[in-house]
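> predicted coordinates and the sequence they were generated for:
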Number of protein chains: 2
Amino acid sequence: MAYRPTQRTEARRAATRERIVGAAHELVARGGYREAAVAAVAARAGVATGTVYRHFPSKAELLTEVFRRASQHEVDATRAAVEALGPGTPAAERVAAGAESFIRRALRGRRLAWALLAEPVDPAVEAERLAFRRAYAAIFSAVVADGITRGELPAQDVSLTAAALVGALGEALVGPLSPVGARPDEDALVAGLVAFCQRSITGSPEPCP
Amino acid sequence: MAYRPTQRTEARRAATRERIVGAAHELVARGGYREAAVAAVAARAGVATGTVYRHFPSKAELLTEVFRRASQHEVDATRAAVEALGPGTPAAERVAAGAESFIRRALRGRRLAWALLAEPVDPAVEAERLAFRRAYAAIFSAVVADGITRGELPAQDVSLTAAALVGALGEALVGPLSPVGARPDEDALVAGLVAFCQRSITGSPEPCP
DNA sequence: CCAAGAGCTGAACTGTGGTTCACTCCTTGG
DNA sequence: CCAAGGAGTGAACCACAGTTCAGCTCTTGG
């Protein structure tokens, strides 16, 4: 016997894998899944087509990982935006912060947001999308539940509210996100949607005294 | 010269076309777009594969028409549910009626609803889907605008509210609609979502006095 | 320096459907 | 009854990605 994988080669291997994922991510973020053909990903990563298959069993697995990472990143950012407010902050304000983060980030990276939210994807990735939405819903869910406990919000089906919020945000963005959509005023969009979200949880534009 | 298409042949031709559309509709409603391969559609319609192409320039066109008809049907039903209430009915109630119709119909024909709302489709059909959503939004939009005029609802960005409502309904149904989703209690779902919709437009569970 | 083994290469392969087209079958007007 | 022309047929075609694999290159331990 003679050759044994060592840290160095291992690292090199990991780096290649990373380049592949990165390349796929860039392509998706720039042109949607349409652009993320295996050959294109390989070319952009500077490897041969076959190499992709030394790191991923199939295209679906690769895209699933790309999707998972990107969505995780988004969810983390939104969660951070919510948690940046102290735990004593009213639920309505925390939801507003989450919604605003969601919207602004989506408008910043429109193509990626479209890919994450609405672009047709193959079933394997679609499953990941469900998880993505659930993760967002979980954030809102926690905040709303907390608000109810503290008596700030009226009783409601928490997970239903959360899911509906995610849907409302996503749908209201689909127009503005679509590649050819005219971009309306960002601040107005944020203001309008935040107001919607707040009404929908508090039951009033300003919390009922 | 000798042969001229006449009413009879014209009718026959239209009937064939109709059978093709109908077959495609059934396949989509039963198994999603996945099942609606051209060969399968043709077989179900009792014609040869090539015949499909004597009536539609491409599969995309066929599916677009199928989608358009189905969605039109759904939109009409919901609009009817809203308009069944007299014009004097409070906006909140009319929105509730629309939402309930939307939800109940979706749960009734789950596969079709999934196909209309969320299933990955090719770009041509996706465009039709946008129109479908806009049509729903238009219904809510009109009602909300009316409610504002009459002083029942607080000022708000009407089309934004409408889009958000459509998104909220769709998203809250995606879980329950997905082929493998556990079906929760229908009435509870309706009640919860209707409450959400009402809060989101009125700003309170019961209009603030 | 060499043998062994792992990673990499990229041209060739493959499987899946949408699409085509040469042909047959009907219908119509003369 | 016949010529003209459209409807219908379905097997063959084709395009396109994803996937494979025989050969090559590089790294490692002796």
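Received the coordinates, thanks.
> just how off-centre is the longest helix anywhere in chain A within its chain?
When chain A is parsed with DSSP state H, its longest helix is helix A:123-149. Mean-position distance between helix A:123-149 and its chain equals 11 Å (Cα atoms, centre = their mean, to the nearest Å).
> residues contacting the helix or strand where residue A:66 lies, please?
Residue A:66 belongs to helix A:59-83 when assigned by DSSP states H and E. Applying Cβ atoms under 8 Å, 6 or more residues apart in numbering or on different chains, the contact partners of helix A:59-83 are A:20-21, A:24-25, A:28-29, A:33, A:36, A:38, A:41, A:52, A:55-56, A:94-95, A:97-98, A:100-102, A:105, A:112, A:115-116, A:121-122, A:124-125, A:127-129, A:131-132, A:135-136, A:139, A:143. To be clear about C-beta, it is placed using only N, CA and C from the backbone, and glycine gets the same treatment.
> are any of the residues you listed buried, and which?
For these, a burial check counting by 16 or more other Cβ atoms under 10 Å in any protein chain shown picks out A:20-21, A:24-25, A:28-29, A:33, A:36, A:38, A:41, A:52, A:55-56, A:94-95, A:97-98, A:100-102, A:105, A:112, A:115-116, A:121, A:125, A:128-129, A:132, A:135-136, A:139, A:143.
> the bottom helix or strand of chain A by mean pLDDT?
One helix or strand of chain A scores below all others by mean pLDDT, DSSP states H and E: helix A:158-177, with a mean of 90.
> who does that one touch, helix- and strand-wise?
Contacts defined by 3 or more Cβ pairs under 8 Å, 6 or more residues apart in numbering or on different chains; DSSP states H and E place helix A:158-177 against helix A:91-108, helix A:110-117, helix A:123-149, helix A:186-202, helix B:123-149, helix B:158-177, helix B:186-202.
> for those helices, give me a markdown table that also has distance to DNA strand C.
As requested, the helices and strands packed on helix A:158-177 are exported to a markdown table (distance: least, Cβ to the nearest atom of the strand, whole Å):
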| stretch | distance to DNA strand C |
| --- | --- |
| helix A:91-108 | 32 |
| helix A:110-117 | 23 |
| helix A:123-149 | 13 |
| helix A:186-202 | 37 |
| helix B:123-149 | 10 |
| helix B:158-177 | 23 |
| helix B:186-202 | 34 |
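> among those helices, which is nearest DNA strand D?
Nearest to DNA strand D among the helices and strands packed on helix A:158-177 is helix A:123-149; the distance by Cβ to the nearest atom of the strand comes to 9.9 Å.
> quick check: residue A:28 vs residue A:61, distance?
From residue A:28 across to residue A:61, the span is 15 Å (Cβ to Cβ, to the nearest Å).
> what do you get for residue A:167?
Counting by Cβ to Cβ, the gap between residue A:167 and residue A:61 amounts to 28 Å.
> nearest residue to the middle of chain A?
residue A:71 (3.5 Å; Cα atoms, centre = their mean).
> pLDDT score for that residue?
Per-residue confidence (pLDDT) for residue A:71: 98.
> now swap in residue A:185 and tell me
86.
> could you report the neighbour count for it?
Here the number of neighbours of residue A:185 (other Cβ atoms under 10 Å in any protein chain shown) works out to 9.
> residue A:141 now?
As a burial measure, residue A:141 scores 19 neighbours (other Cβ under 10 Å).
> shouldn't it be in contact with residue A:157?
No - applying Cβ atoms under 8 Å as the test, residue A:141 and residue A:157 come out as separate, 10.2 Å apart.
> nearest to residue A:48, out of the helices and strands packed on helix A:158-177?
Checking the helices and strands packed on helix A:158-177 against residue A:48 by Cβ to Cβ gives helix A:123-149 as the closest, at 23.9 Å.
> hmm, the closest one touching DNA strand D?
No - counting by Cβ under 7 Å from any atom of the strand, DNA strand D is not contacted by helix A:123-149; separation bottoms out at 9.9 Å.
> quick check: mean pLDDT across that helix?
In this model, helix A:123-149 has a mean pLDDT of 96.
> for it, packing partners?
Checked by 3+ Cβ pairs under 8 Å, 6+ apart, helix A:123-149 has helix A:59-83, helix A:91-108, helix A:158-177, helix B:158-177 packed alongside it.
> same thing but 7 Å
Helix A:123-149 sits against helix A:59-83, helix A:91-108, helix A:158-177, with contacts defined as 3 or more Cβ pairs under 7 Å, 6 or more residues apart in numbering or on different chains; DSSP states H and E.
> list the contacts of the second one.
Helix A:91-108 has contacts (Cβ atoms under 7 Å, 6 or more residues apart in numbering or on different chains) with A:74, A:77-78, A:81-82, A:85, A:113, A:139-140, A:143-144, A:146-147, A:152-153, A:169, A:173, A:176-177, A:186, A:189-190, A:193-194, A:197-198, A:201-202, A:207.
> give me the buried entries from the residues you listed.
Buried members of those, counted by 16+ other Cβ under 10 Å: A:74, A:78, A:81-82, A:113, A:139-140, A:143-144, A:146-147, A:152-153, A:169, A:173, A:176-177, A:189-190, A:193-194, A:197-198, A:201-202, A:207.
> give me the neighbour count for the nearest residue in space to residue A:119 that is not next to it in sequence.
Leaving aside its chain neighbours, residue A:119 sits nearest to residue A:32 (5.3 Å; criterion: Cβ to Cβ, 6 or more residues apart in numbering or on different chains). For residue A:32, the count of nearby residues is 17 (other Cβ under 10 Å).
> can you pull the contacts of residue A:32?
Applying Cβ under 7 Å, 6+ apart to residue A:32 gives the contacts A:111, A:114-115, A:119.
> quick check: phi and psi on residue A:89?
phi -60, psi 140 (degrees, to the nearest 10).
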